[in-house]
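Student: Can you look at this prediction? I've put the sequence above it.
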Amino acid sequence: MNKKKIISVLIIISIISLGFKLSVVDFSIPVNSDNLDYTLFAIAHTNGDYSQSIHRGMGWSLFVSMFFNFINSDNFFDYSNTIRILSMSIGILSIPVMYLIGRKFFDHRYSLVLASFFAFEPHLNYNSTLGLTEPLFILAIISAFYFILNQNSRFIIISLILAGIAYWTRINGVWVFIVISLIYFLTYKKSWKFFTNYGIAIAAFLLIISPILIERNEAFDDPFYSVYKDAVFAGSYELMLEAIGNNEKITAFDYIEENGIFSFINNFFITGLYNVLAVTASMTLPYLVVFIPFGILFSLRAFDQKSNLIKSNWIFILTSIALLSFTMAIVPDRRFVLYLLPFFMIFSVIPLQRVVEYGLSTFSFSRKQKDIFLIGVIITIIILSSIVVIRFAPDSELESEKLEFGNFVLNNLNGVTLRDSEGSLDYINYLLISKSFENYTINSSITEISDTLYESTFAPSGKTIEELIINGEDHNLKYIISNQTPGLLHPIKDTLYYDYENYPYLTKIFDSNDAGFKKLKIKVFEINYKKFNDEL
């Protein structure tokens, strides 16, 4: 295949990928979650505010701010949709990088298949429409991986520079440095140039991340500060949020002292590992699930790929899974494992290559017939992805009901509300900031800079409704939102949806059924602490 044909195929693949992305994005819906924070951070950067966030990296928002400088609008949607378009664009730009990585393992045909696997993957396509950090983070990671695959020790410098960009994007991205270094030491031949180039690479990496370390040290007296770092060993997401709210520092030794070493191992190693594997497995649908098991098996005896390249991919996957187990033990979020998919895709192409190049040869298939078979596989993948991506399509009616409920909350709730994990409060911050976003400053609370009496919290925690309310009194908790479908956070509160009448100290003040909602099914209760204490 000549370069012109390869470029033409990559353009076609990118256009199809863009079609998938456009099918799951709704530009009439504003960013409303983590992506709202990144949008506001980027706006703050355009106003000269480069403060370090207490829990987010600023690489993505800095990149976005360069484009926001060309926007002068009082309509928040202009900024909301710009960050989405940038996110989608980076997702598209990552496709040729996956092709280049494929060329390290396969010929042109199968490198294009690898690029197709990446371009059509529904989870990656959906995520790239949200305006979050993952597309830039993944691009930095796969680019760093591409350069470390070049068996020239000088390329470690470029790899660690890209690892520094990954760290700018996500403050837990220091693990990229660890993984790239492991690959370098375990797959490269040792020589004086080997150590010299690694020393230069470390210097370049430290130079790139030094502004972050210096600013965080000045702002928080800790160059590696994160609001989650001191509470990650609380034991659960709810307890971690409660510890953050109480400004508690909980170390691994504190957890072991209170719960024992076996509980620590079970929670942070076994459960964490299980969550990583379970969540990753769920994201291999609809087509990777077929190829990955065989790809892993064939990678153990690969003969069409260099052993060092296969070894590098294994190092990346296994080290990442091990490091992710701590995070996933507390927060089993799909976003944390998205970057693993490109590396599993590399293994997924191996069995396809084996079948087409060697299995079909048994039946005397010509080169043209083999190519037709490959095209058939890609068409099948497009069809499967089309079916799966439908479930990511935005529900305009549900989002409209969330907006309406958000307005109800701001007009009627005048105290601390226990947030749900199902998104009923998704648009609160957007409604509060949409008319004053130009004045936003990093780390400022949106509710504090508005005139609303509404507040929200993820704390407190409790195994029973009574325990939840007792702990909630310390947080001035006044309202509880209960979902018809139990969520991951505070599932005990969702039992109130059907049996709230068993709790006379809870007064129902909102019912989505009474409001005529068809998709958002929630109820809001006000706590009467006097009645509650009398009941006790």
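Tutor: Sure thing, it's come through.
Student: what sits up against the helix or strand where Asp254 lies?
Tutor: Assigned by DSSP states H and E, Asp254 belongs to helix 252-259. The contact list for helix 252-259 (CB atoms under 8 Å, 6 or more residues apart in numbering) reads Phe233, Ala234, Gly235, Ser263, Phe264, Asn267, Phe268. Just so you know, the C-beta spots here come from the backbone N, C-alpha and C atoms, and that holds for glycine as well.
Student: can you put the residues you listed in a markdown table and add pLDDT?
Tutor: Converted to a markdown table, the contacts of helix 252-259 look like this (pLDDT from 0 to 100):
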| residue | pLDDT |
| --- | --- |
| Phe233 | 86 |
| Ala234 | 85 |
| Gly235 | 81 |
| Ser263 | 90 |
| Phe264 | 89 |
| Asn267 | 89 |
| Phe268 | 87 |
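Student: sorry, back to before: please tell me how far the helix holding Asp254 is from the chain's geometric centre.
Tutor: Computed by CA atoms, centre = their mean, to the nearest Å, the chain-centroid distance of helix 252-259 equals 29 Å.
Student: next one: stretch 142-150
Tutor: With CA atoms, centre = their mean, you get 22 Å for stretch 142-150.
Student: Tell me which residues of it come out buried.
Tutor: Residues Ile142, Ser143, Ala144, Phe145, Tyr146, Phe147, Ile148, Leu149 are the ones in stretch 142-150 that count as buried (16 or more other CB atoms under 10 Å).
Student: Can you tell me what sits against it?
Tutor: 94, 97-98, 100-101, 104, 155-156, 158-160, 162-163, 166, 176, 180, 183-184, 309, 312, 316, 342-343.
Student: for stretch 306-318, same thing?
Tutor: 104-105, 145, 148-149, 151, 179, 182-183, 186-187, 299, 302, 340, 343-344, 346-347.
Student: domain parsing for this protein?
Tutor: Per the record, the chain has its domains at 133-220, 396-535, by automatic domain parsing.
Student: Turn those into JSON lines, including mean pLDDT and distance to Phe365.
Tutor: Shown next, in JSON lines, are these (pLDDT from 0 to 100; distance: least, CB to CB, whole Å):
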{"stretch": "domain 133-220", "mean pLDDT": "94", "distance to Phe365": "31"}
{"stretch": "domain 396-535", "mean pLDDT": "88", "distance to Phe365": "48"}
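Student: Tell me which of these sits nearest to Thr39.
Tutor: Across those, Thr39 has its closest neighbour in domain 396-535 (8.2 Å, CB to CB).
Student: Just the buried positions in stretch 247-261, please.
Tutor: Ile250, Tyr255.
Student: Could you number the chain from 34 rather than 1 from now on?
Tutor: Okay, using 34 as the starting number, the last item reads as stretch 280-294.
Student: can you give me the mean pLDDT across the helix holding Asp287?
Tutor: The average pLDDT for helix 285-292 rounds to 87.
Student: next one: stretch 61-72
Tutor: 92.
Student: May I have it as CSV, with CA atoms only?
Tutor: Taking Å, rounded to 0.1, in the frame of the first residue of the first chain, the C-alpha atoms of stretch 61-72 are listed here in CSV:
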residue,chain,number,x,y,z
SER,A,61,-27.9,22.1,23.1
ILE,A,62,-26.9,20.7,26.5
PRO,A,63,-24.3,22.6,28.5
VAL,A,64,-21.3,21.0,30.2
ASN,A,65,-22.4,20.2,33.7
SER,A,66,-20.0,18.1,35.7
ASP,A,67,-16.2,17.8,35.7
ASN,A,68,-16.2,19.2,32.2
LEU,A,69,-17.9,22.4,33.7
ASP,A,70,-14.9,22.7,36.0
TYR,A,71,-12.4,22.5,33.2
THR,A,72,-14.4,25.0,31.1
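Student: follow-up on the earlier one: ranking the domains of the chain by burial, who's on top?
Tutor: Of all those, domain 166-253 has the most neighbours on average by mean count of other CB atoms under 10 Å, namely a mean of 19.
Student: before we move on, the earlier item: in TSV: the domains of the chain, plus distance to Thr413.
Tutor: As requested, the domains of the chain are exported to TSV (distance: least, CB to CB, whole Å):
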stretch	distance to Thr413
domain 166-253	25
domain 429-568	31
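Student: Quick check: which of those is nearest to Glu275?
Tutor: domain 429-568 (3.9 Å).
Student: Just the pLDDT for Arg367.
Tutor: pLDDT at Arg367 comes out at 90.
Student: list the contacts for the closest residue in space to Ile123 that isn't next to it in sequence?
Tutor: Nearest non-adjacent residue to Ile123, counting by CB to CB, 6 or more residues apart in numbering: Pro168, 4.1 Å away. Shown in contact with Pro168 (CB under 8 Å, 6+ apart): Ser120, Met121, Ile123, Gly124, Ser127, Asn160, Ser161.
Student: again, 6 Å this time
Tutor: Pro168 is in contact with Ser120, Ile123, Gly124, Ser161, counting by CB atoms under 6 Å, 6 or more residues apart in numbering.
Student: now Ile325
Tutor: Contacts of Ile325 were listed using CB under 6 Å, 6+ apart, and they are Thr317, Phe377, Ser381.
Student: From Gly520, how far out is the residue lying closest to the second one once chain neighbours are set aside?
Tutor: Put plainly, it is Phe377. Leaving out its chain neighbours, the residue that sits closest to Phe377 by CB to CB, 6+ apart is Ile325, at 5.4 Å. Distance from Ile325 to Gly520, counting by CB to CB, to the nearest Å: 30 Å.
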